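Peer 1: Provide a 3D model corresponding to the input given below.
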Amino acid sequence: SIGAKNQLAGMYIYGQGGSKDYSLAHSLMLENAKKNNITSQLNLAEFYKLGHLSPPNLTQALHWYQEAEKLCDLKNPLPEYCAEVHVSLGDMYEKGLGLDYSYTDAKSYYDKASATGYIRAYTKLGELYLHGNGVEKNYVTAKSWFDKAVIGDKPDPGAQNNLGHLYEHGLGMSVDLNTA
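Peer 2: Next up, the predicted model:
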(Lines give C-alpha, C1' and ligand atoms only; values in the text may rest on other atoms or scores of the structure.)
Protein backbone atom coordinates (compact mmCIF):
# COMPACT_ATOMS: atom_id res chain seq x y z
CA SER A 1 0.00 0.00 0.00
CA ILE A 2 1.02 3.63 -0.41
CA GLY A 3 1.03 4.19 3.35
CA ALA A 4 3.29 1.20 3.97
CA LYS A 5 5.70 2.34 1.25
CA ASN A 6 5.80 5.84 2.79
CA GLN A 7 6.64 4.32 6.16
CA LEU A 8 9.29 2.08 4.66
CA ALA A 9 10.84 5.02 2.80
CA GLY A 10 11.03 6.90 6.10
CA MET A 11 12.74 3.95 7.72
CA TYR A 12 15.35 3.90 4.94
CA ILE A 13 15.91 7.66 5.25
CA TYR A 14 16.49 7.55 9.00
CA GLY A 15 18.14 4.14 9.20
CA GLN A 16 15.45 2.66 11.42
CA GLY A 17 15.82 -1.09 11.65
CA GLY A 18 19.00 -1.04 9.58
CA SER A 19 21.32 1.30 7.77
CA LYS A 20 20.24 4.35 5.81
CA ASP A 21 19.51 3.72 2.15
CA TYR A 22 18.58 6.89 0.29
CA SER A 23 18.40 5.07 -3.03
CA LEU A 24 15.68 2.66 -1.84
CA ALA A 25 13.85 5.48 -0.06
CA HIS A 26 13.94 7.51 -3.28
CA SER A 27 12.53 4.62 -5.33
CA LEU A 28 9.62 4.14 -2.93
CA MET A 29 8.82 7.87 -2.72
CA LEU A 30 9.03 8.28 -6.49
CA GLU A 31 6.66 5.38 -7.07
CA ASN A 32 4.11 6.87 -4.65
CA ALA A 33 4.62 10.42 -5.91
CA LYS A 34 3.76 9.34 -9.43
CA LYS A 35 0.48 7.99 -8.00
CA ASN A 36 -0.39 11.51 -6.77
CA ASN A 37 0.39 10.87 -3.12
CA ILE A 38 0.94 14.31 -1.61
CA THR A 39 3.03 13.00 1.29
CA SER A 40 5.46 11.34 -1.09
CA GLN A 41 5.54 14.39 -3.38
CA LEU A 42 6.38 16.68 -0.49
CA ASN A 43 9.00 14.29 0.89
CA LEU A 44 10.51 13.77 -2.56
CA ALA A 45 10.75 17.54 -3.08
CA GLU A 46 12.61 17.87 0.23
CA PHE A 47 14.80 14.91 -0.71
CA TYR A 48 15.89 16.69 -3.91
CA LYS A 49 16.19 20.08 -2.20
CA LEU A 50 18.54 18.63 0.43
CA GLY A 51 20.52 16.56 -2.06
CA HIS A 52 20.22 13.15 -0.43
CA LEU A 53 21.28 11.23 -3.56
CA SER A 54 23.53 13.80 -5.19
CA PRO A 55 24.02 17.54 -5.07
CA PRO A 56 20.72 19.34 -4.45
CA ASN A 57 18.48 19.33 -7.52
CA LEU A 58 16.30 22.43 -7.18
CA THR A 59 14.60 21.82 -10.53
CA GLN A 60 13.31 18.46 -9.33
CA ALA A 61 12.45 19.87 -5.91
CA LEU A 62 10.39 22.63 -7.52
CA HIS A 63 8.72 20.11 -9.84
CA TRP A 64 7.52 17.95 -6.94
CA TYR A 65 6.40 20.91 -4.82
CA GLN A 66 4.36 22.10 -7.81
CA GLU A 67 2.89 18.62 -8.34
CA ALA A 68 1.85 18.55 -4.67
CA GLU A 69 0.36 22.03 -5.01
CA LYS A 70 -1.81 20.81 -7.89
CA LEU A 71 -3.33 18.25 -5.52
CA CYS A 72 -3.93 20.97 -2.94
CA ASP A 73 -5.69 23.11 -5.53
CA LEU A 74 -7.81 20.19 -6.74
CA LYS A 75 -8.95 18.49 -3.60
CA ASN A 76 -6.95 19.85 -0.64
CA PRO A 77 -6.33 16.33 0.69
CA LEU A 78 -4.45 17.20 3.87
CA PRO A 79 -4.45 20.87 4.89
CA GLU A 80 -1.27 20.59 6.98
CA TYR A 81 0.61 19.09 4.02
CA CYS A 82 -0.73 21.75 1.70
CA ALA A 83 0.40 24.44 4.13
CA GLU A 84 3.88 22.89 4.16
CA VAL A 85 3.88 22.81 0.35
CA HIS A 86 2.93 26.49 0.24
CA VAL A 87 5.60 27.51 2.76
CA SER A 88 8.20 25.46 0.86
CA LEU A 89 7.27 27.11 -2.44
CA GLY A 90 7.35 30.50 -0.71
CA ASP A 91 10.86 29.72 0.54
CA MET A 92 11.96 28.80 -2.98
CA TYR A 93 10.74 32.19 -4.25
CA GLU A 94 12.02 34.16 -1.27
CA LYS A 95 15.52 32.68 -1.57
CA GLY A 96 15.62 32.34 -5.36
CA LEU A 97 16.12 28.59 -5.16
CA GLY A 98 15.71 27.16 -8.64
CA LEU A 99 13.78 30.20 -9.86
CA ASP A 100 13.91 33.98 -9.78
CA TYR A 101 13.60 35.79 -6.46
CA SER A 102 10.08 37.04 -5.90
CA TYR A 103 9.01 38.35 -2.53
CA THR A 104 5.55 38.95 -3.98
CA ASP A 105 5.15 35.27 -4.89
CA ALA A 106 6.71 34.21 -1.59
CA LYS A 107 4.21 36.34 0.35
CA SER A 108 1.34 34.91 -1.69
CA TYR A 109 2.33 31.36 -0.76
CA TYR A 110 2.88 32.30 2.90
CA ASP A 111 -0.57 33.94 2.93
CA LYS A 112 -2.14 30.71 1.62
CA ALA A 113 -0.45 28.69 4.35
CA SER A 114 -1.28 31.19 7.08
CA ALA A 115 -4.97 30.98 6.17
CA THR A 116 -4.89 27.40 7.50
CA GLY A 117 -3.28 28.44 10.79
CA TYR A 118 0.13 27.05 9.86
CA ILE A 119 2.60 28.46 12.40
CA ARG A 120 5.68 28.47 10.15
CA ALA A 121 3.75 30.67 7.70
CA TYR A 122 3.16 33.22 10.46
CA THR A 123 6.89 33.34 11.13
CA LYS A 124 7.73 33.69 7.43
CA LEU A 125 5.24 36.57 7.05
CA GLY A 126 6.64 38.24 10.15
CA GLU A 127 10.14 38.01 8.70
CA LEU A 128 9.03 39.66 5.46
CA TYR A 129 7.66 42.62 7.46
CA LEU A 130 10.65 42.66 9.82
CA HIS A 131 13.08 43.08 6.92
CA GLY A 132 10.82 44.91 4.45
CA ASN A 133 11.17 42.18 1.84
CA GLY A 134 8.43 42.70 -0.74
CA VAL A 135 6.35 44.66 1.76
CA GLU A 136 6.84 47.92 3.60
CA LYS A 137 9.00 47.33 6.68
CA ASN A 138 6.63 47.36 9.64
CA TYR A 139 7.77 46.17 13.06
CA VAL A 140 4.27 46.27 14.54
CA THR A 141 2.92 44.01 11.79
CA ALA A 142 5.97 41.75 12.10
CA LYS A 143 5.35 41.47 15.85
CA SER A 144 1.69 40.55 15.32
CA TRP A 145 2.71 37.68 13.01
CA PHE A 146 5.40 36.50 15.43
CA ASP A 147 2.90 36.67 18.30
CA LYS A 148 0.60 34.31 16.38
CA ALA A 149 3.50 31.92 15.80
CA VAL A 150 4.37 31.56 19.49
CA ILE A 151 0.88 30.86 20.83
CA GLY A 152 0.01 27.25 21.53
CA ASP A 153 1.75 23.99 22.37
CA LYS A 154 4.53 24.24 19.80
CA PRO A 155 5.76 27.82 19.48
CA ASP A 156 8.00 28.46 16.51
CA PRO A 157 11.60 29.01 17.73
CA GLY A 158 12.33 31.43 14.88
CA ALA A 159 9.38 33.59 15.89
CA GLN A 160 10.50 33.52 19.52
CA ASN A 161 13.96 34.66 18.49
CA ASN A 162 12.57 37.43 16.31
CA LEU A 163 10.27 38.65 19.10
CA GLY A 164 13.27 38.76 21.45
CA HIS A 165 15.11 40.88 18.87
CA LEU A 166 12.18 43.31 18.58
CA TYR A 167 11.87 43.68 22.37
CA GLU A 168 15.63 43.95 22.90
CA HIS A 169 16.05 46.75 20.37
CA GLY A 170 12.71 48.48 20.90
CA LEU A 171 11.62 47.97 17.30
CA GLY A 172 7.97 49.00 17.02
CA MET A 173 7.70 49.17 20.82
CA SER A 174 9.59 50.26 23.90
CA VAL A 175 12.73 48.36 24.84
CA ASP A 176 11.78 45.53 27.20
CA LEU A 177 14.83 43.51 28.19
CA ASN A 178 12.83 41.37 30.63
CA THR A 179 10.53 40.16 27.87
CA ALA A 180 13.38 39.89 25.35
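Peer 1: ok, Tyr14 to Val85 distance?
Peer 2: Distance from Tyr14 to Val85, counting by C-beta to C-beta, to the nearest Å: 22 Å. Just so you know, the C-beta spots here come from the backbone N, C-alpha and C atoms, and that holds for glycine as well.
Peer 1: for Asn138, phi and psi?
Peer 2: When read as degrees, to the nearest 10, the backbone of Asn138 gives phi -150, psi 100.
Peer 1: where's the residue nearest to it when sequence neighbours are not counted, which helix or strand?
Peer 2: Setting aside the residues directly before and after it, Asn138 is nearest to Tyr129 in space (C-beta to C-beta, 6 or more residues apart in numbering), at 4.9 Å. Secondary structure from DSSP states H and E places Tyr129 in helix 119-131.
Peer 1: ranges for the helices of this structure?
Peer 2: Secondary structure of the chain (DSSP state H): helices located at 2-14, 22-33, 38-50, 58-75, 79-95, 103-114, 119-131, 139-150, 157-169.
Peer 1: Report the angle between the second one and helix 2-14.
Peer 2: Counting by axes from the mean of the first three to the mean of the last three C-alpha atoms, to 10 degrees, helix 22-33 lies at 160 degrees to helix 2-14.
Peer 1: Pick out the shakiest of the helices of the chain, pLDDT-wise.
Peer 2: Note on these: lowest mean pLDDT is at helix 2-14, with a mean of 85.
Peer 1: thinking again about what came up before, neighbour count winner among Tyr14 and Val85?
Peer 2: Using other C-beta atoms under 10 Å as the criterion, Tyr14 and Val85 rank with Val85 on top: 27 against 10.
Peer 1: thinking the more buried one is in contact with Tyr65, fair?
Peer 2: Yes: using C-beta atoms under 8 Å, Val85 makes contact with Tyr65 at a distance of 5.8 Å.
Peer 1: Return every residue with contacts to both of these two.
Peer 2: Leu42 (C-beta atoms under 8 Å, 6 or more residues apart in numbering).
Peer 1: any idea how far the nearest residue to His165 once chain neighbours are set aside lies from Asn161?
Peer 2: Spatial nearest neighbour of His165, chain neighbours left out: Leu171 (7.3 Å); criterion: C-beta to C-beta, 6+ apart. Going from Leu171 to Asn161 by C-beta to C-beta gives 13 Å.
Peer 1: Neighbour count: those two, which is higher?
Peer 2: Leu171 (16 against 11).
Peer 1: pretty sure that one contacts Asn138?
Peer 2: No: contact criterion C-beta under 8 Å: Leu171 and Asn138 do not qualify, at 10.2 Å.
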